[in-house]
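Undergrad: the following comprises the amino acid sequence and a computationally predicted model.
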Amino acid sequence: MRTLFRSAAALATATAAVLALGGAADAKPADEWAGCPYGSVCIYPENQNPAVKPTHVFTRYGAHNLSNQYGYHWVLNNQYGGATASLCTGSNGVGCGAPIGEGRGVYANLTPINSITLNRP
């Protein structure tokens, strides 16, 4: 009888461990979106549709100046916690358009764009 209880207790412990690990795996945030690391904003090569591999990956809040970006590009905001990104016609984050929400992307003409900002929530 003791062996039966021990076996049942061992099975219950193993089941609880598997469920706990499975629950932890489910809680893990998404790693990448089209090659863009979680927590980043990415710009993809001109006319790359669908977006596959970014040429620019930004992870730091604030303004980032762009150069030699012409034509249409995907810009994906893979940040979290309500952080947004904005495309700006001026350098250093001046003249910014509407924010791009987290988990969103835009297919935008970057010819008039001179900077991108990553905005804190």
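TA: That came in fine, so what should we check first?

Undergrad: the helices in this protein, which residues?
TA: 2-27 (DSSP state H).

Undergrad: low-confidence stretches in the chain?
TA: 1-30 (pLDDT under 70).

Undergrad: give the contact list for the nearest residue to Cys36 once chain neighbours are set aside.
TA: Closest residue to Cys36 apart from its sequence neighbours, by C-beta to C-beta, 6 or more residues apart in numbering: Cys42 at 3.6 Å. C-beta coordinates here come from the backbone N, C-alpha and C atoms, glycine included. Counting by C-beta atoms under 8 Å, 6 or more residues apart in numbering, Cys42 touches 34-36, 51, 54, 56-58, 74-76, 78.

Undergrad: how about a cut-off of 6 Å?
TA: Counting by C-beta atoms under 6 Å, 6 or more residues apart in numbering, Cys42 makes contact with 36, 54, 57, 76.
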